[in-house]
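K.L.:
sequence and predicted structure, then a few things I'm wondering about:
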Amino acid sequence: MKKILIISTIIITLLVSIKEEKITIPNEAIRFRVVANSNSKEDQLLKKEIVNNLIPTIKETTNYDSIEDVRKSIKDNISLYTKIVDKTIKKSNLNKTFHINYGKNHFPEKTYDNIIYEEGDYESLVITLGGAKGKNFWCILFPPLCLVEKDNTTNYKSYIKEIINKYF
């Protein structure tokens, strides 16, 4: 009986500790998303390559404390982002089309690290590759949550809350 009580306590504790936390990203945020053509290995690798090639430039061009400055910089640099994506696709020798859109775009619900990000239409920079039927990469450009490297010593949930509190 004692073993059953201990096991039950452990199970209940685990269930409570893995409960997903729902975080609402502030309205004054700008998301970034790259949607792969498909879930094929080739298309997913291309998506990752595009993200890896864009992030340094996006980080450099959106390094502002105000959302207005970030908005202006994104608009001013769409052609630069387009060149980077185009160059990456040509280098991969894949004949893929792409589209870049900055404005209101639809995002499905996403769970990352037990945090639920709600579905909705959000201000965002979205790059779709080909038919855009594959898994996607997404993060938040402002406040700059996707440009933070996560390691084992970082408490990501607390950091997200810190960034949101800093800017809002």
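P.N.:
Arrived safely, thanks for sending.
K.L.:
determine the set of other helices and strands touching the helix ranked longest in the chain.
P.N.:
Counting by DSSP state H, the longest helix found in the chain is helix 67-91. For helix 67-91, the elements it packs on are strand 30-35, helix 41-61, strand 98-107, strand 120-129, strand 136-142, judged by 3 or more CB pairs under 8 Å, 6 or more residues apart in numbering; DSSP states H and E. (Each C-beta comes from the backbone N, C-alpha and C, glycine too.)
K.L.:
may I see the buried residues of that helix?
P.N.:
Ile67, Val70, Arg71, Ser73, Ile74, Asn77, Tyr81, Ile84, Val85, Thr88, Ile89 (16 or more other CB atoms under 10 Å).
K.L.:
mind putting those residues in JSON lines, pLDDT and distance to Ser124 included?
P.N.:
Output for the buried residues of helix 67-91, formatted as JSON lines (pLDDT from 0 to 100; distance: CB to CB, whole Å):
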{"residue": "Ile67", "pLDDT": "93", "distance to Ser124": "13"}
{"residue": "Val70", "pLDDT": "95", "distance to Ser124": "12"}
{"residue": "Arg71", "pLDDT": "96", "distance to Ser124": "11"}
{"residue": "Ser73", "pLDDT": "96", "distance to Ser124": "15"}
{"residue": "Ile74", "pLDDT": "97", "distance to Ser124": "10"}
{"residue": "Asn77", "pLDDT": "97", "distance to Ser124": "15"}
{"residue": "Tyr81", "pLDDT": "98", "distance to Ser124": "13"}
{"residue": "Ile84", "pLDDT": "97", "distance to Ser124": "17"}
{"residue": "Val85", "pLDDT": "97", "distance to Ser124": "16"}
{"residue": "Thr88", "pLDDT": "96", "distance to Ser124": "20"}
{"residue": "Ile89", "pLDDT": "95", "distance to Ser124": "21"}
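K.L.:
flag the shaky bits of the chain, pLDDT-wise.
P.N.:
1-26, 112, 147-168 (pLDDT under 70).
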